[in-house]
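Undergrad: Sequence unavailable; structure follows:
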């Protein structure tokens, strides 16, 4: 298929457009996998294989030939060429029996054809598009961006096809007219040219076929004899000589109208394919595809998604006012080296548990505190913690054991302290303690924060202390 | 060669998941200021072509380290049986609800994982972590400690001293703000824990670096594509005679303008989402005032124009170069006989055009075509102002910069503050001209060919580097 390279380019471009909205990661995985599989089979992963791979995985769809419109355009040009070829030859060979058909006009027309053919090819190579309006009319310009650089070549192909049909129709018309009409050719020019130079011109033109068909090469006598002049409207040569020109005319037409068109059409058929290959190789999508095929696909393991499983951080728990406790326990080094003033006075015992202490120490502390609060009517224990250290299972275990050992009416107040002991802990840290107290399901476990700033609180604590004494 | 596995372990709520989120580029890992957010271990393998180079394992925090240690000590005779004893602990307690978290975090270690112990360097060191660290030492696995700072204070020195007694390597790593180079350096540090791990981790860092470079190139191509679309976008409407008579020109202009603005904003929004997806940020929330007409940071606001637009001198110099390129074509046609006059004249025309024209119009105008076959076409756009292109470009690169520097542990709002100084001055002249020429072509409704598109994307990539440098020097 002469157009396979163009179709491949268009299909590739189409696929790249389709991939535009896909994520880069997906495309990379897809193409890298294809490249690895191809290499495993010993194949070099090129665009053709890739398209085949994509095609195979796609749901089959009725395919519309993207070059159909161009084919129509080329057919149109060929038809127009056919009609105009007949018309042009009829015009050139118009002979009413009264005058000669001037060879010079025919030669000039042939030269024009050569020139047009050459311009078409030059335009295709240079990429000019003087007939863009025509493409717009056929709505061919907007079909695909990838086709845009190929348009001059495709247009040249259509034009050459038209030109070839023009030439063939002209030749056929000439032969038909030779058969059915008595054509009288001659030559004439207003310019001061002798038959010698005219003969030389014709002989040069006839060089390509002088051995193939000698009868189609004019001889000097014929040239001499068939010149006609303004003054001599009937001609004075042997009437048979006027008709001997037709093989020459036919060969001029074949060699200088049909053959160049045929060769240039062949070139115009090959050229877009070559250009399409080049376009495909430099297509931005191809560069990206090659990168994806050559570069290993990296997966950072980020598919796991548990963002929706966030714990409920709202809490209905409220801070309680600091109870008048009998025992204060520093949990896991909280309040070290020094407790804030608001907490440092008024307790019978200040004990330390958790953290670096052993579990045996914890049991001992629970027993010791139990003895202190056993005789108290309103037992209350403060457990001072570091507000930033999250409550762990160890603290829950400690409170659980204490709850069993201490009187059921004991109020346990968790007191989270900030890193700066004279500052209140930040709200988000307090709330984790409130949720911890909530989760314990024990109404006797509450969270309190000391009023660190108020002078009254300190006096209150001092009075409590005095009262206990 | 063994595939390295690293278990990220530590006290509850110290940023283990943040470290994993950043290193695995996953912004969908639950990170909450709540102990016990992670209840089960979760593996995050880094694979290349399906082959795993290393695996990070996020684990729950220690809940009862002293009880675990007490059990271990009670069941061990000498140092040589410690790792066996840890295994025995897991076997003994895997169905025990009280030690679920410990079993989850210790299991990967008994299966050969390295230890990444995470602490919060913004709170004071406390000896209560020693039980945890002792248990980890009992596993006998290669270990590294990370000081991750969650808050503002810095106690990392005391932490480093204490951790140095228990772990082979101690590093500071802020999961939320550490630059990408630090991620790589951290991975290399993991490789130093065990000779066998060095090679896969070297490979992993190379791949991650290449991935980052490629993402930048892809982001530049996306920005170039959107810039081209936005600069040449036209809002079109075909009206019948009846519709034309029913609606005044002002009303028609208003409707088309509104729709044009809406579509332009949508394009900008789509670009942002695409860039965020490219960098695996799927949950970014923006603080930028959302696209209200003439709000402070809107695409079309005067503030945005002031912040991201370029000055006239810049326009003139970029315009000169862009014009000179066109003029050089004349010189080429005359085979150099014009002695460069074409380039000079082209340059001057370009400079003058950009100087006077580029700064003239802010908004596009309505064009209505003549009435043919009872139909009339009204067109709004394309924008006739090069500055608009620079505003779009500046905003896009600013957004890209924030996204590409954002760690996946970062859950704060994305604050896209406008620039306070012109960053494009840091871009070299040739690339400025490429950008300017492309903007001018789009403005004039001329389609960009693939070569120009390529050049534009490459120039934008350079502009991204210039912006990066500018941000670096600014802060």
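TA: Looks like it came in fine. All figures in this text were calculated on a predicted structure; none of them were measured in a lab.

Undergrad: Okay, now the unreliable bits of chain A?
TA: Chain A contains residues with pLDDT under 70 at A:1-2, A:95-98, A:138-144, A:190-193, A:229-239, A:307-315, A:452-469.

Undergrad: In three-state terms, label residue A:351 for me.
TA: strand (DSSP: H, G, I helix; E, B strand; the rest coil).

Undergrad: quick one: contacts for residue B:230?
TA: With contact taken as Cβ atoms under 8 Å, 6 or more residues apart in numbering or on different chains, residue B:230 is in contact with B:264, B:267, B:268, B:383, B:388, B:389, B:392. (C-beta placed from N, C-alpha, C; glycine too.)

Undergrad: Likewise for residue A:433?
TA: Residue A:433 makes contact with A:385, A:387, A:391, A:414, A:416, A:447, according to Cβ under 8 Å, 6+ apart.

Undergrad: out of those residues, which touch chain B?
TA: The residues of those that also fall near chain B, by Cβ under 8 Å from any Cβ of the partner chain, are residue A:391.

Undergrad: Let's see which of the contacts of residue A:433 end up in helices.
TA: Among those, no residue falls in helices (DSSP state H).

Undergrad: Which one of the contacts of residue A:433 is nearest to residue B:10?
TA: Of all the contacts of residue A:433, residue A:391 has the smallest distance to residue B:10: 15.9 Å, by Cβ to Cβ.

Undergrad: Do you know the pLDDT at residue B:353?
TA: Residue B:353 carries a pLDDT score of 59 in this model.

Undergrad: just the one 5 residues further on next, same as before
TA: Predicted confidence (pLDDT) at residue B:358: the value is 49.

Undergrad: Also residue B:362?
TA: 54.

Undergrad: So residue B:45 belongs to a strand, correct?
TA: Yes. Residue B:45: assigned to a strand according to three-state DSSP.

Undergrad: Identify the residues contacting it.
TA: A:299, A:301, B:52, B:54, B:55, B:56.

Undergrad: Repeat the analysis, applying 10 Å as the threshold.
TA: Listed by Cβ atoms under 10 Å, 6 or more residues apart in numbering or on different chains, the contact partners of residue B:45 are A:299-301, A:303, B:3, B:5, B:24, B:51-57.

Undergrad: for residue A:339, same thing?
TA: Residue A:339 makes contact with A:328, A:330, A:345, A:347, A:350, A:384, A:415, A:417, A:421, A:450, according to Cβ under 10 Å, 6+ apart.

Undergrad: In contact with residue A:122: list those residues for me.
TA: Residue A:122 makes contacts with A:128, A:156, as judged by Cβ under 10 Å, 6+ apart.

Undergrad: coming back round to it: among the contacts of residue B:45, which are located in strands?
TA: Those of the contacts of residue B:45 mapping onto strands are A:299, B:5, B:51, B:52, B:53, B:54, B:55, B:56, B:57, per DSSP state E.

Undergrad: For residue B:146, state which of those is nearest.
TA: Closest to residue B:146, out of all of the ones in strands among the contacts of residue B:45 and judged by Cβ to Cβ, is residue B:56, at 12.0 Å.

Undergrad: Backbone dihedrals for the closest residue to residue A:444 other than its chain neighbours, please?
TA: Once flanking residues are discounted, residue A:444 sits nearest to residue A:411: 5.5 Å by Cβ to Cβ, 6 or more residues apart in numbering or on different chains. Main-chain dihedrals, residue A:411, degrees, to the nearest 10: phi -90, psi 120.

Undergrad: burial count for residue A:411?
TA: Residue A:411 is flanked by 20 other residues according to other Cβ atoms under 10 Å in any protein chain shown.

Undergrad: go on, residue A:213?
TA: Residues contacting residue A:213 under the criterion other Cβ under 10 Å number 14.

Undergrad: Name all residues that make contact with it.
TA: Residue A:213 neighbours (Cβ under 10 Å, 6+ apart): A:206, A:247, A:248, A:250, A:251, A:254.

Undergrad: hmm, back to that, any chance of the ones in strands among the contacts of residue B:45 in JSON lines, with neighbour count and distance to residue A:286 too?
TA: Below are the ones in strands among the contacts of residue B:45 laid out as JSON lines (neighbours: other Cβ atoms under 10 Å in any protein chain shown; distance: Cβ to Cβ, whole Å):
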{"residue": "A:299", "neighbour count": "19", "distance to residue A:286": "25"}
{"residue": "B:5", "neighbour count": "20", "distance to residue A:286": "39"}
{"residue": "B:51", "neighbour count": "12", "distance to residue A:286": "27"}
{"residue": "B:52", "neighbour count": "17", "distance to residue A:286": "31"}
{"residue": "B:53", "neighbour count": "23", "distance to residue A:286": "29"}
{"residue": "B:54", "neighbour count": "23", "distance to residue A:286": "33"}
{"residue": "B:55", "neighbour count": "19", "distance to residue A:286": "35"}
{"residue": "B:56", "neighbour count": "25", "distance to residue A:286": "36"}
{"residue": "B:57", "neighbour count": "25", "distance to residue A:286": "40"}
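
Undergrad: how about these in a markdown table, adding distance to residue B:202?
TA: Below are the ones in strands among the contacts of residue B:45 laid out as a markdown table (distance: Cβ to Cβ, whole Å):
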| residue | distance to residue B:202 |
| --- | --- |
| A:299 | 18 |
| B:5 | 17 |
| B:51 | 15 |
| B:52 | 15 |
| B:53 | 10 |
| B:54 | 11 |
| B:55 | 16 |
| B:56 | 17 |
| B:57 | 21 |
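
Undergrad: if we can go back for a sec, and the contacts of residue A:339 as a markdown table, adding distance to residue A:368?
TA: Formatted as a markdown table, the contacts of residue A:339 follow (distance: Cβ to Cβ, whole Å):
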| residue | distance to residue A:368 |
| --- | --- |
| A:328 | 12 |
| A:330 | 13 |
| A:345 | 20 |
| A:347 | 13 |
| A:350 | 11 |
| A:384 | 16 |
| A:415 | 19 |
| A:417 | 22 |
| A:421 | 24 |
| A:450 | 23 |
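
Undergrad: ok, those residues vs residue A:108, which is closest?
TA: residue A:417 (109.8 Å).

Undergrad: Run through the bridge partners of the closest one.
TA: Bridge pairing for residue A:417 (DSSP bridges) gives the partners residue A:386.

Undergrad: What is the burial count for it?
TA: 25.

Undergrad: OK, contacts around the closest residue to residue B:58 other than its chain neighbours?
TA: Distances taken as Cβ to Cβ, 6+ apart put residue B:20 closest to residue B:58, at 4.3 Å, once the chain neighbours are dropped. Going by Cβ under 10 Å, 6+ apart, residue B:20 touches A:301-302, A:304, B:6, B:8, B:26, B:29, B:31, B:38, B:42-44, B:56-59, B:116, B:118, B:175, B:408-409.
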